[in-house]
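> show me how the following folds:
(one chain, ligands or ions: 1)
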Amino acid sequence: MKIAIIGTGYVGLPTGVGLAEFGNTVVCVDKQEEKINALKSGKVTIFEQGLEDLFLKNLKNGRLKFSLSTEEGVKDADVVLIAVGTPPHPVTKEADLQYIYAAAEEMAPYLTGYTVVATKSTVPVGTGDEIEKIISNKNPNADFDAVSLPEFLREGFAVHDFFEPDRIVIGANTDRALKVMTELYKPFAGKTEILAVRRRSAETIKYASNAFLAIKIHYINEMADFCEKAGADIFEVAKGMGLDRRIGNKFLNPGPGYGGSCFPKDTNAMACMGRKYGASLSLIEAAIRGNDLRKTKMAERILNMVKGVSEAKVAVWGLAFKNGTDDVRCSPALQIVEQMLRSGANICVYDPKAMDNARKILGDEVKYAQNAFEAAKDADVLAILTEWDDFAEVNLTELKAIMRSPKVVDLRNMLKSKQPQLQGFEYRCIGLDS
Ligand code: NAD
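Next up, the predicted model:
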């Protein structure tokens, strides 16, 4: 099939690469010239495990193309996937749909033959109706259907999740559109549950899923706080909970709070939708408030370790919102760093993949180290904020030797299992009284 993808970011690029690998001809469109030029010249623009090889393979065999022109991508396409951003509105926190609407406007004149316009971006209920109206107004002759095709990939596992998704949800209101989408996802038939639902249900499934996961994270974080006060161990508690199949053992790791480009914005957007439709979503509202507050508490936890130390140096390991990605959007690590900066802290940071992206936000407010040990050198406290595997492998004897005072606040519980080697460290993790 001929596919156009509008928006070549963390969703659009892995999706384009995956669909090309299945034998489709894919044109990935983006407005950012630098990004398209890099991709055309064989440079992958995001870090995702396993992406580069597949990207290069399909670029070379000509199935994967990149363009700045919506026309070039869309003309003759059987399916147009919209994968542009839907960031939160700075004031209302609703999903900002300007990029979705612009994409619909821009593609409308170039749709030829019957085309399915499928939205992969996370969009509020009813957005499919708006896309339909925009395209029909702009090009009354367009023969198309608007479909919701929510994306569930996890950053850091985008390639894995493309080829082995838990489910594929297709929100199509016509049989014709459903037939095309079923054909597109034929490689998954018999392996993955393909759920056909009405368009508004598909739009809701995405938000309902993300909000549920965010609440689950917030819940285990609150339980961790409780364990710290009550003398219980959150690891034992989470393990005991997770053995119940109704609960499951995933997403029971306490930490600095949920972040990333999806959970914070999607919980806020869902809360806005609840208010719009007059439906109480009190659990989501509580998770949003609690999660925001958690970053402040975590910053205080780190700074309390160096209370009274003049010109204390804080070392930070990890800036990405989680391991396996260079994405720092709404990263708890960055928010904690920013909070500590507001308290006047002197900070040196290191992340194996996210330094360039972090630099765009933190500028020269912090010092940047070339490696983890350089960041920790002469530090009065080390804060571990992202769960990169390398951090768990650290040689604690060497670490102790280079720090000014051996104090670690481990917000990802990376070193918790190394208790004997932590002798001589003042060590604070999450969910265990110190
Ligand atoms: P992104 O910011 O990485 O990429 C979006 C891209 O769209 C940008 O490169 C931008 O230049 C481009 N763009 C914007 N308007 C355009 C236009 N009119 N024509 C062409 N290109 C245009 O965003 P992302 O992380 O890939 O997220 C995209 C959507 O997918 C969002 O709605 C997000 O909520 C959803 N989503 C993201 C993830 C994730 O893990 N990142 C997972 C599931 C769903």
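> doesn't Phe235 make contact with Gly431?
Yes: using C-beta atoms under 8 Å, Gly431 is in contact with Phe235, at 7.0 Å. Where you see a C-beta, it was placed from the backbone N, CA and C, and this is true even at glycine.
> neighbour count winner among those two?
Gly431 (24 against 20; other C-beta atoms under 10 Å).
> relative to Ile220, how far out is the more buried one?
8 Å (C-beta to C-beta, to the nearest Å).
> what sits in contact with each of the two?
234, 254 (C-beta atoms under 8 Å, 6 or more residues apart in numbering).
> who touches both of Gly431 and Phe235?
In contact with both Gly431 and Phe235: Asn413, using C-beta under 8 Å, 6+ apart.
> contact residues of the chain facing the ligand?
6-12, 29-32, 35, 83-86, 99, 102-103, 106, 120-122, 151, 153, 155, 261-262 (C-beta under 6 Å from any ligand atom).
> in ChimeraX, select just the buried ones from those residues.
In ChimeraX syntax, the buried subset of the residues of the chain next to the ligand is picked out as below (16 or more other C-beta atoms under 10 Å):
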select :6,7,8,9,10,11,12,29,30,31,35,83,84,85,86,99,103,106,120,121,122,151,153,155,261,262
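> show me the residues of the chain next to the ligand that map onto helices.
With helices taken from DSSP state H, the overlap with those comprises 12, 35, 99, 102-103, 106.
> check the nearest residue to Tyr114 once chain neighbours are set aside and give its pLDDT.
With C-beta to C-beta, 6 or more residues apart in numbering as the criterion, Tyr114 has its nearest non-adjacent residue at 4.8 Å, and that residue is Asp143. Here, the pLDDT recorded for Asp143 equals 98.
> give me the neighbour count for Asp143.
Counted with other C-beta under 10 Å, the neighbours of Asp143 add up to 11.
> which residues sit in contact with it?
111, 113-115.
> top of the residues you listed by neighbour count?
Thr115 (25 neighbours).
> look up how far Thr122 lies from that residue.
Counting by C-beta to C-beta - Thr115 and Thr122 are separated by 22 Å.
> show me the shaky parts of this structure.
Scanning the chain for pLDDT under 70 picks out the ranges 434.
> go again using 50 as the cut-off
Within the chain, no range satisfies pLDDT under 50.
> which stretches of it form strands?
2-6, 25-29, 64-67, 79-82, 114-119, 143-148, 167-171, 193-197, 313-317, 346-350, 367-368, 381-384, 407-410, 426-428 (DSSP state E).
> could I get the buried residue list for stretch 79-95?
In stretch 79-95, counting by 16+ other C-beta under 10 Å, buried: 79-88, 93-95.
> repeat for stretch 238-251
For stretch 238-251, by 16+ other C-beta under 10 Å, it's 238, 241, 251.
> now the first one. Nearest residue, chain neighbours left out?
Nearest non-adjacent residue to Ala238, counting by C-beta to C-beta, 6+ apart: Leu252, 4.1 Å away.
> can you check Glu398 too?
Phe373 (7.2 Å).
> in terms of contact, does that neighbour touch Leu399 like I think?
Yes: between Phe373 and Leu399 there is a contact at 7.4 Å, judged by C-beta under 8 Å.
> so between the two, which is more surrounded?
Using other C-beta under 10 Å as the criterion, Phe373 and Leu399 rank with Leu399 on top: 22 against 16.
> quick one: contacts for that one?
373, 376, 382, 406.
> return the member of the residues you listed nearest to the ligand.
The ligand has its nearest neighbour among the contacts of Leu399 in Leu382, at 28.7 Å by C-beta to the nearest ligand atom.
> so that closest one sits against Arg404, correct?
No: applying C-beta under 8 Å as the test, Leu382 and Arg404 come out as separate, 10.5 Å apart.
> where does this protein get nearest to the ligand, which residue?
When distances are taken as C-beta to the nearest ligand atom, the chain reaches nearest to the ligand at Gly9, 1.9 Å away.
> contact partners for that residue?
Contacts of Gly9 by C-beta under 8 Å, 6+ apart are 30, 46, 83-85.
> next: Asp378.
Asp378 neighbours (C-beta under 8 Å, 6+ apart): 313, 402-404.
> go with 6 Å
Arg404 (C-beta atoms under 6 Å, 6 or more residues apart in numbering).
> same question, Cys28
5, 8, 12, 16, 66.
> buried residues, stretch 296-310. List them.
298-299, 301-303, 305-306.
> mind listing residues that contact it?
So stretch 296-310 is contacted by 256, 312, 336, 339-340, 343, 380-381, 383, 407, 409, 411 (C-beta under 6 Å, 6+ apart).
> how far does that stretch sit from its chain's centre?
In terms of C-alpha atoms, centre = their mean, to the nearest Å, the centre of stretch 296-310 is set 28 Å apart from its chain centre.
> and what of stretch 348-366?
For stretch 348-366, the distance to the chain centre is 18 Å (C-alpha atoms, centre = their mean).
> what's the span of it from first residue to last?
6 Å (C-alpha to C-alpha, to the nearest Å).
> just the buried residues of that stretch, please?
348-355, 357-358, 362, 366.
> likewise for stretch 425-432?
425, 427-432.
> mind putting the residues you listed in TSV, distance to Asn139 included?
What follows is the buried residues of stretch 425-432, written out as TSV (distance: C-beta to C-beta, whole Å):
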residue	distance to Asn139
Phe425	65
Tyr427	63
Arg428	60
Cys429	58
Ile430	54
Gly431	56
Leu432	61
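> farthest pair within those?
Phe425 and Gly431 (17.9 Å; C-beta to C-beta).
> only alpha carbons, please: show stretch 213-229 as CSV.
The C-alpha coordinates for stretch 213-229 follow below in CSV (Å, rounded to 0.1, in the frame of the first residue of the first chain):
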residue,chain,number,x,y,z
LEU,A,213,-1.5,3.9,33.9
ALA,A,214,-0.7,7.4,35.3
ILE,A,215,-3.1,6.7,38.3
LYS,A,216,-1.4,3.3,38.8
ILE,A,217,2.0,5.0,39.0
HIS,A,218,0.7,7.7,41.3
TYR,A,219,-0.9,5.0,43.5
ILE,A,220,2.4,3.1,44.0
ASN,A,221,4.2,6.4,44.7
GLU,A,222,1.7,7.2,47.4
MET,A,223,2.1,3.6,48.8
ALA,A,224,5.9,4.2,48.8
ASP,A,225,5.4,7.3,50.9
PHE,A,226,3.2,5.4,53.2
CYS,A,227,5.9,2.6,53.5
GLU,A,228,8.6,5.1,54.4
LYS,A,229,6.5,6.4,57.3
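> in it, what counts as buried?
213-221, 223-225, 227-228.
> can you tell me the closest non-neighbouring residue to Ala369?
Ala375 (3.7 Å).
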